[in-house]
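S.K.: no sequence for this one, just the structure:
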């Protein structure tokens, strides 16, 4: 059992409040996932041709400035960064492939949590409230955000095994449920060049979507194919640079609720996580149908 929450803002005037709005949503899912928690927030975009990397080291005192200088020398381009607890966000004036490869070569002890133009992923082991406080979630700004609270079933309780999982640029996934064919799919995806950091079944789902998108699928098409190829029980929420999507398996045994107003679209595993949102009493609220894809995206 895990908890999923998501918030997509249609009203840009609320973007400065997204962390404040989202914090009680994440904490409300504590009973569904007390082992670990995390979130992916989208905003503070870098320009085309540049990349944001979310990097993590086990030590909060890690010398990020030295890494930034080494990357700048190696790549011959500008590198800006800021630190949040034991995570740092690097803004690098080069492609995601070049920036990621440079980190892997210069600092193999550093874990790359995400890469793209907009996404930042922050996650850790512990209670959701503690993790929200550690990363100052309530003070964050952005256009949309998805989060997860985990009760481990398929793998150990580790930061690496917590959600969201990101296997492609500006793409991430959170999952409530379990996949029965993830071992076979993992091997097939590896042969196609998809890399994994864990044995978690949810990371396989993220890798599957990454490959489908690389092969030219739209997000909707990738999710249609996922419904055919992923076996098991699942409610997925997927984050992209432009928005987010929700989909449930054909049986839909894992709970989910959606709410929409003129200002936002919100998703949660339980309605209680939505009750603190402004205007929720007048929102359109419904349970997403089985095997049905719901997508909200903004125009670039």
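M.R.: Thanks, I have it. Fair warning: this is a prediction, and the values are worked out from it, not measured in the lab. Numbering: from 1, shown residues only.
S.K.: quick one: low-confidence ranges for the stretch 51-200 of the chain?
M.R.: Where the stretch 51-200 of the chain drops to pLDDT under 70, the residues are 153-155.
S.K.: give me the distance between the residue lying farthest from the centre of the chain and residue 106.
M.R.: In terms of distance from the mean C-alpha position of the chain, residue 73 ranks first, at 30.5 Å (C-alpha atoms, centre = their mean). From residue 73 over to residue 106 the distance is 10 Å, taken as C-beta to C-beta, to the nearest Å. Glycine gets a C-beta too; all of them are placed from N, C-alpha and C.
S.K.: returning to that earlier point: helix/strand/coil for the residue farthest from the centre of the chain?
M.R.: Under DSSP: H, G, I helix; E, B strand; the rest coil, residue 73 falls in the helix class.
S.K.: ok, it to residue 6 distance?
M.R.: 40 Å.
S.K.: what's the answer for residue 205, then?
M.R.: 16 Å.
S.K.: before we move on, what about residue 137?
M.R.: According to C-beta to C-beta, residue 137 and residue 6 sit 14 Å apart.
S.K.: neighbour count winner among those two?
M.R.: residue 6 (28 against 25; other C-beta atoms under 10 Å).
S.K.: wait, residue 295 touches residue 237, no?
M.R.: No - between residue 295 and residue 237 there is no contact under C-beta atoms under 8 Å: 11.1 Å.
S.K.: what residues of the longest helix anywhere in the chain count as buried?
M.R.: Among the segments of the chain that qualify as a helix by DSSP state H, the longest is helix 201-214. Buried positions in helix 201-214, judged by neighbour count with 16 or more other C-beta atoms under 10 Å: 201-213.
S.K.: which among those gets closest to residue 31?
M.R.: If you rank the buried residues of helix 201-214 by distance to residue 31 using C-beta to C-beta, residue 202 comes first, at 19.9 Å.
S.K.: hey, what's the spatially closest residue to the closest one that is not a sequence neighbour bridged with?
M.R.: Nearest non-adjacent residue to residue 202, counting by C-beta to C-beta, 6 or more residues apart in numbering: residue 175, 3.9 Å away. Beta-bridge partners for residue 175, by DSSP bridges, are residue 236.
S.K.: do the same with residue 5
M.R.: residue 147, residue 268.
S.K.: just to check, it is in contact with residue 29?
M.R.: Yes - using C-beta under 8 Å, residue 5 is in contact with residue 29, at 6.0 Å.
S.K.: and those two? which has more neighbours close in?
M.R.: residue 5 (28 against 25).
S.K.: identify the residues contacting the more buried one.
M.R.: For residue 5, the contact set (C-beta atoms under 8 Å, 6 or more residues apart in numbering) comprises 22, 25-26, 28-29, 146-148, 266-269, 273.
S.K.: okay, it and residue 292: tell me how far apart.
M.R.: Distance from residue 5 to residue 292, by C-beta to C-beta: 20 Å.
S.K.: check residue 227 too.
M.R.: 9 Å.
S.K.: now do residue 200
M.R.: In this view, residue 200 and residue 292 are 25 Å apart by C-beta to C-beta.
S.K.: just want to know which of the two has more residues nearby.
M.R.: Shown here are residue 200 and residue 292; by other C-beta under 10 Å, residue 200 has more neighbours (26 against 13).
S.K.: in this structure the more buried one contacts residue 161, no?
M.R.: Yes - with contacts counted by C-beta under 8 Å, residue 200 reaches residue 161, the gap being 5.1 Å.
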